[in-house]
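In: here is the input, now give the coordinates:
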Amino acid sequence: YFVLTFVLCGSIAGVVLAVVALYIVRRHSHSRDKLKQLASTSHDGQEASKDYQDLCRQRMQGKTSDKPEPVSATSRVASVTSEAAVHSPSSRSSTSSWSEEPVQSNMDISTGHIVLSYMEDHMKNKDRLDEEWESLVAYEPDLNATTAGSEASNMRKNRYTDIIPYDHSRVELSSSTNVSGSDFINASTITDHDPRNPAYITTQGPLPHTVADFWQMVWEQGSVVIVMLTKLTENGVAMCHRYWPEEGSDLYHIYEVHLVSEHIWCDDYLVRSFYLKNLQTNETRTVTQFHFLTWPDLGIPASTKALLDFRRKVNKSYRGRSCPITIHCSDGVGRTGTYCLIDMVLNRLSKGAKEIDIAATLEHIRDQRMNMVKTKEQFEFALAAVAEEVHAILKALPQ
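Out: So this is what the prediction gives:
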């Protein structure tokens, strides 16, 4: 009797263990397949979804016990995972063409036609464009003090000595948690309608000794989207220091940055997903970086369509958030200012604005950071990009 009971119990236990093991295997397989599906090259160019981020987060949390304690502010932290499904720098994802991207807008139709007519007339009338640009070059904001950025202790934090943030709109870091006890970073807030809630954080490309400041700013400003508009080097000249790990994790003062994924959507841009952790508070956050690769310094992209497609990807990821977008190129004014101008004008139109004055909008942006949009060619490109997008919106509206 006891032998029979023992055999029976053993059989039941064996069945239970087999079922549990099968469940675990299937669950792991399902998670792996789901991760591969979400990160695969046939994903139609969509940003990493919440499910994808959750899976990455679960993998990271499951591996945290294996991570060594950070040794110093510049030490390399071991990679959380080396699986290609999570980190595949060479992976390519197909992307839908610009014309296939859905156009969503509340733009007033009559306003759209007026704006389009104004733009086309502006592009044809070079004398008017020249006069308007000369007026913009001569424009001087009322509040233009740069005391903080001009201090001797802060000058080394400026990539270029002639691009310094205005005192009234500069981003102030918390000096108590700063690596050097300073509150300065070469960055400016750009507001649209609400002065209490900046729409953008515009900044220079980080220098080797300001990377920790950059991540502190991203953390403190609550920014979860970074738009990068420059290569790290152009023609052998350093444009921006690499402020993220090439793989695994790096530690920048109290901020641990883990590269979760890197996907090349097309020849013009790629998207990286970071897992940002504040080691002082143990809080974590997901940050997405959109890196545009084909916009030369002091120049313009080869086409408006490439940048407009890029902007739509950025805004699709950003939709519904109230935090500012962090935008940078090398100096934080030329390409950064052009992108800001295009995005601000198109956002106003999409919200149903009845009147749009692009020159006045640029003056408003220049009130907050000097020299935004550096060349007439960049200003002309902004006009062309707005006209192109307005045309696409009108074309998509029901007739």
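
In: got the buried residues for the one helix or strand Asp309 maps to?
Out: Using DSSP states H and E, Asp309 falls within helix 304-318. With burial defined by 16 or more other C-beta atoms under 10 Å, the residues of helix 304-318 counted as buried are 304-315, 317-318. Backbone N, C-alpha and C define where each C-beta goes, glycine included.

In: quick one, strands of the stretch 51-200 of the chain?
Out: Counting by DSSP state E, counting those that start in this stretch, the stretch 51-200 of the chain has strands at residues 76-77, 170-172, 184-190, 200-203.

In: and the ones you listed as TSV, adding mean pLDDT, mean neighbour count and distance to Ala359?
Out: Below are the strands of the stretch 51-200 of the chain laid out as TSV (pLDDT from 0 to 100; neighbours: other C-beta atoms under 10 Å; distance: least, C-beta to C-beta, whole Å):
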stretch	mean pLDDT	mean neighbour count	distance to Ala359
strand 76-77	29	16	48
strand 170-172	98	20	25
strand 184-190	98	25	17
strand 200-203	98	26	19
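
In: okay, these in JSON lines with distance to Pro398 next?
Out: JSON lines is the format used below for these (distance: least, C-beta to C-beta, whole Å):
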{"stretch": "strand 76-77", "distance to Pro398": "53"}
{"stretch": "strand 170-172", "distance to Pro398": "43"}
{"stretch": "strand 184-190", "distance to Pro398": "34"}
{"stretch": "strand 200-203", "distance to Pro398": "32"}
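
In: out of the ones you listed, flag the one nearest Lys354.
Out: Among those, strand 184-190 comes nearest to Lys354, with 22.7 Å by C-beta to C-beta.

In: show me what the closest one is packed up against.
Out: helix 147-150, strand 170-172, strand 200-203, helix 211-220 (3 or more C-beta pairs under 8 Å, 6 or more residues apart in numbering; DSSP states H and E).

In: hang on, the earlier thing: which neighbouring elements make contact with the helix holding Asp309?
Out: strand 225-228, strand 269-278, strand 283-292, helix 334-350, helix 376-396.

In: given the second one, what are its sheet partners and their directions?
Out: By that I understand strand 269-278. Using DSSP bridges, the strands paired with strand 269-278 in its sheet are strand 255-264 (antiparallel), strand 283-292 (antiparallel).

In: how far does it sit from its chain's centre?
Out: Centroid displacement of strand 269-278 relative to its chain, using C-alpha atoms, centre = their mean, to the nearest Å, is 9 Å.

In: that strand vs helix 304-318, what angle?
Out: Counting by axes from the mean of the first three to the mean of the last three C-alpha atoms, to 10 degrees, strand 269-278 lies at 30 degrees to helix 304-318.

In: just for the stretch 1-150 of the chain, where's the confidence low?
Out: Scanning the stretch 1-150 of the chain for pLDDT under 70 picks out 1-104.

In: sorry, back to before: wait, which of the strands paired with strand 269-278 is closest to Phe214?
Out: Within the strands paired with strand 269-278, the stretch nearest Phe214 is strand 255-264; the backing value is 9.2 Å (C-beta to C-beta).

In: now the closest one: average pLDDT?
Out: Here strand 255-264 scores 97 as its mean pLDDT.

In: and it, how far from the chain's centre?
Out: 12 Å.

In: quick one, that strand and helix 211-220 angle?
Out: For strand 255-264 against helix 211-220, the angle by the same axes, to 10 degrees is 90 degrees.

In: kindly export strand 255-264 (C-alpha atoms) in CSV.
Out: Extracted as CSV, the C-alpha positions of strand 255-264 are listed here (Å, rounded to 0.1, in the frame of the first residue of the first chain):
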residue,chain,number,x,y,z
TYR,A,255,23.5,58.2,-14.3
GLU,A,256,23.8,54.7,-15.8
VAL,A,257,22.9,54.5,-19.4
HIS,A,258,22.1,51.1,-21.0
LEU,A,259,21.8,50.8,-24.7
VAL,A,260,18.8,48.6,-25.2
SER,A,261,18.5,48.7,-29.0
GLU,A,262,19.8,50.4,-32.1
HIS,A,263,17.9,50.1,-35.3
ILE,A,264,18.8,51.7,-38.7
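
In: and Thr284, which of the helices and strands packed on strand 184-190 is closest to it?
Out: Nearest to Thr284, of all the helices and strands packed on strand 184-190, is helix 211-220, at 10.6 Å by C-beta to C-beta.

In: next, count neighbours for the residue nearest to Val211 when sequence neighbours are not counted.
Out: Distances taken as C-beta to C-beta, 6 or more residues apart in numbering place Tyr243 nearest to Val211, at 4.5 Å, with adjacent residues excluded. Counted with other C-beta atoms under 10 Å, residues neighbouring Tyr243 total 24.

In: three-state assignment of Tyr243?
Out: Following DSSP: H, G, I helix; E, B strand; the rest coil, the label given to Tyr243 is coil.

In: got a list of what it touches?
Out: 206, 211, 214-215, 252 (C-beta atoms under 8 Å, 6 or more residues apart in numbering).

In: now do Gln289
Out: The contact partners of Gln289, by C-beta under 8 Å, 6+ apart, come to 225-228, 244, 271-274.

In: spatially central residue for the chain, please.
Out: Relative to the mean C-alpha position of the chain, the nearest C-alpha, by C-alpha atoms, centre = their mean, is the one of Ile226, at 2.0 Å.

In: picking up where we left off before, next one: the helix or strand following the helix holding Asp309 to chain centre, how far?
Out: The helix or strand immediately downstream of helix 304-318 is strand 325-328, counting by DSSP H and E. Distance of strand 325-328 from the chain centroid (C-alpha atoms, centre = their mean) equals 6 Å.
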